[in-house]
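Asks: pasting a predicted model and its sequence here:
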Amino acid sequence: MVTGYDHLAFLIGVIFFLYKLKDIVLYVSLFTLGHSATLLAGVLGGIRTNPWLIDAIIGLSVVYKHSTTWMASNACSDFSQTPKSQC
(Lines give C-alpha, C1' and ligand atoms only; values in the text may rest on other atoms or scores of the structure.)
Protein backbone atom coordinates (compact mmCIF):
# COMPACT_ATOMS: atom_id res chain seq x y z
CA MET A 1 0.00 0.00 0.00
CA VAL A 2 2.62 2.56 1.01
CA THR A 3 5.00 2.46 -1.94
CA GLY A 4 5.13 6.07 -3.09
CA TYR A 5 4.55 5.28 -6.75
CA ASP A 6 1.45 7.47 -6.83
CA HIS A 7 3.50 10.40 -5.55
CA LEU A 8 6.13 9.87 -8.23
CA ALA A 9 3.46 9.62 -10.93
CA PHE A 10 1.93 12.90 -9.78
CA LEU A 11 5.26 14.71 -9.77
CA ILE A 12 6.33 13.29 -13.13
CA GLY A 13 2.99 14.33 -14.62
CA VAL A 14 3.36 17.85 -13.28
CA ILE A 15 6.94 18.22 -14.44
CA PHE A 16 6.37 16.78 -17.93
CA PHE A 17 3.15 18.65 -18.62
CA LEU A 18 3.86 22.03 -17.09
CA TYR A 19 6.21 24.11 -19.17
CA LYS A 20 6.79 27.18 -17.04
CA LEU A 21 9.19 26.96 -14.14
CA LYS A 22 6.83 29.15 -12.11
CA ASP A 23 3.98 26.61 -12.55
CA ILE A 24 6.23 23.68 -11.63
CA VAL A 25 7.46 25.41 -8.49
CA LEU A 26 3.89 26.30 -7.52
CA TYR A 27 2.56 22.74 -7.93
CA VAL A 28 5.49 21.12 -6.15
CA SER A 29 5.28 23.67 -3.32
CA LEU A 30 1.55 23.12 -2.85
CA PHE A 31 2.08 19.35 -3.00
CA THR A 32 4.73 19.60 -0.28
CA LEU A 33 2.65 21.99 1.83
CA GLY A 34 -0.37 19.69 1.65
CA HIS A 35 1.63 16.66 2.70
CA SER A 36 3.33 18.56 5.51
CA ALA A 37 -0.02 19.78 6.84
CA THR A 38 -1.55 16.31 6.81
CA LEU A 39 1.50 14.77 8.47
CA LEU A 40 1.47 17.42 11.19
CA ALA A 41 -2.25 16.93 11.72
CA GLY A 42 -1.73 13.20 12.07
CA VAL A 43 1.29 13.34 14.35
CA LEU A 44 0.67 16.41 16.50
CA GLY A 45 -3.11 16.66 16.25
CA GLY A 46 -3.77 12.97 16.80
CA ILE A 47 -6.07 12.80 13.78
CA ARG A 48 -6.54 9.20 12.66
CA THR A 49 -8.04 7.99 9.40
CA ASN A 50 -8.15 4.92 7.21
CA PRO A 51 -4.92 4.75 5.15
CA TRP A 52 -6.74 2.92 2.34
CA LEU A 53 -9.10 5.87 1.99
CA ILE A 54 -6.19 8.31 1.79
CA ASP A 55 -4.46 6.18 -0.86
CA ALA A 56 -7.69 6.12 -2.88
CA ILE A 57 -8.00 9.91 -2.69
CA ILE A 58 -4.38 10.35 -3.77
CA GLY A 59 -4.96 7.97 -6.69
CA LEU A 60 -8.05 9.89 -7.74
CA SER A 61 -6.09 13.16 -7.63
CA VAL A 62 -3.49 11.63 -9.95
CA VAL A 63 -6.23 10.53 -12.37
CA TYR A 64 -7.82 13.98 -12.18
CA LYS A 65 -4.52 15.73 -12.92
CA HIS A 66 -3.85 13.39 -15.83
CA SER A 67 -7.32 13.89 -17.33
CA THR A 68 -7.21 17.69 -17.11
CA THR A 69 -3.73 17.76 -18.61
CA TRP A 70 -4.73 15.36 -21.38
CA MET A 71 -7.84 17.36 -22.24
CA ALA A 72 -5.88 20.61 -22.31
CA SER A 73 -3.18 19.15 -24.54
CA ASN A 74 -5.74 17.71 -26.97
CA ALA A 75 -7.83 20.89 -27.15
CA CYS A 76 -5.43 22.45 -29.64
CA SER A 77 -4.33 19.37 -31.55
CA ASP A 78 -4.56 19.16 -35.33
CA PHE A 79 -7.75 17.10 -35.04
CA SER A 80 -9.68 19.36 -32.68
CA GLN A 81 -12.50 21.73 -33.62
CA THR A 82 -10.95 24.56 -31.57
CA PRO A 83 -10.02 27.54 -33.75
CA LYS A 84 -6.26 28.05 -33.81
CA SER A 85 -6.73 31.63 -32.68
CA GLN A 86 -7.98 30.32 -29.30
CA CYS A 87 -5.02 27.99 -28.71
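Replies: Looks like it came in fine.

Asks: tell me, how many residues neighbour residue 4?
Replies: A total of 7 residues lie near residue 4 under the criterion other CB atoms under 10 Å. In short, each C-beta sits where N, CA and C put it, glycine included.

Asks: for residue 10, same thing?
Replies: 19.

Asks: ditto for the one 4 residues further on
Replies: Around residue 14 there are 18 other residues, counting by other CB under 10 Å.

Asks: from what I can see it touches residue 24, true?
Replies: Yes: using CB atoms under 8 Å, residue 14 is in contact with residue 24, at 6.5 Å.

Asks: tell me where the model's unsure across the protein.
Replies: Scanning the chain for pLDDT under 70 picks out 1-2, 6, 72-87.

Asks: list the buried residues of the lengthiest helix in it.
Replies: Using DSSP state H, we find that the single longest helix of the chain is helix 51-75. Buried residues in helix 51-75, defined by neighbour count with 16 or more other CB atoms under 10 Å: 62, 65.

Asks: which strands and helices sit next to that helix?
Replies: Applying 3 or more CB pairs under 8 Å, 6 or more residues apart in numbering; DSSP states H and E, one finds that helix 51-75 makes contact with helix 5-17.
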